[in-house]
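Chemist: all I have is the shape, not the residue letters:
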């Protein structure tokens, strides 16, 4: 049986009936988008790994308990679970009043594309990346979520609309306002995003 040709709904149905390979196929199919979303949310690979595992444990338990209503939006449902787990994680961190000293983030410059850059250019690119992250953090949550899903998660606006339970026009509007707000912040703080 070629599991890659089955839809999410078919795989979910097969899993509920006891076919564990169906769940393996679902995880393989969606792991990159789910992990990217988690990584962008928590900015720590160790925590993202833990939340990724927790997400799919919750998915499996929910499916077995019959809590998933098949509306053809399996990925959106999984992302929503991971989003809720991120919120729980941050609430727990806030309540414990602890901060992680682990600054390990994905190094976007660890690629051949940037290998010929000199140290000065790399430092400037690092600063620009940090400035953009800080700009995104200043956005309202609904706008920040759309920017992260679109530009870092690779989601289409239809997928973003499904994930956030809004219309495509609302998702597009949030992106538009996010860009407008980021431009205002850049002008107010006189941030230079050029090399």
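Modeler: Everything's here; your move. Note that this is a predicted model, so its numbers are computed, not measured.

Chemist: switch to C-alpha atoms for all contacts and neighbour counts from now on
Modeler: Noted.

Chemist: next up, phi/psi of the most centrally placed residue in the chain, please.
Modeler: The chain has residue 37 as the residue nearest its centroid, 1.3 Å off, counting by Cα atoms, centre = their mean. When read as degrees, to the nearest 10, the backbone of residue 37 gives phi -60, psi -50.

Chemist: just checking, it touches residue 155?
Modeler: No - counting by Cα atoms under 8 Å, residue 37 does not reach residue 155; the two are 10.0 Å apart.

Chemist: what is in contact with those two at once?
Modeler: residue 149 (Cα atoms under 8 Å, 6 or more residues apart in numbering).

Chemist: sec struct for residue 187, please.
Modeler: Assigned by DSSP: H, G, I helix; E, B strand; the rest coil, the conformation of residue 187 is helix.

Chemist: just give the number of residues close to it.
Modeler: When neighbours are defined as other Cα atoms under 10 Å, residue 187 has 11 of them.

Chemist: again with residue 15
Modeler: Neighbours of residue 15 using other Cα under 10 Å come to 19.

Chemist: leaving out sequence neighbours, find the closest residue to it.
Modeler: Spatial nearest neighbour of residue 15, chain neighbours left out: residue 22 (5.4 Å); criterion: Cα to Cα, 6 or more residues apart in numbering.

Chemist: likewise for residue 178?
Modeler: residue 143 (5.3 Å).

Chemist: likewise for residue 185?
Modeler: Residue 185 sits nearest to residue 135 (Cα to Cα, 6+ apart), 7.3 Å away.

Chemist: that neighbour touches residue 183, doesn't it?
Modeler: No - at 9.2 Å, residue 135 does not count as touching residue 183 under the criterion of Cα under 8 Å.
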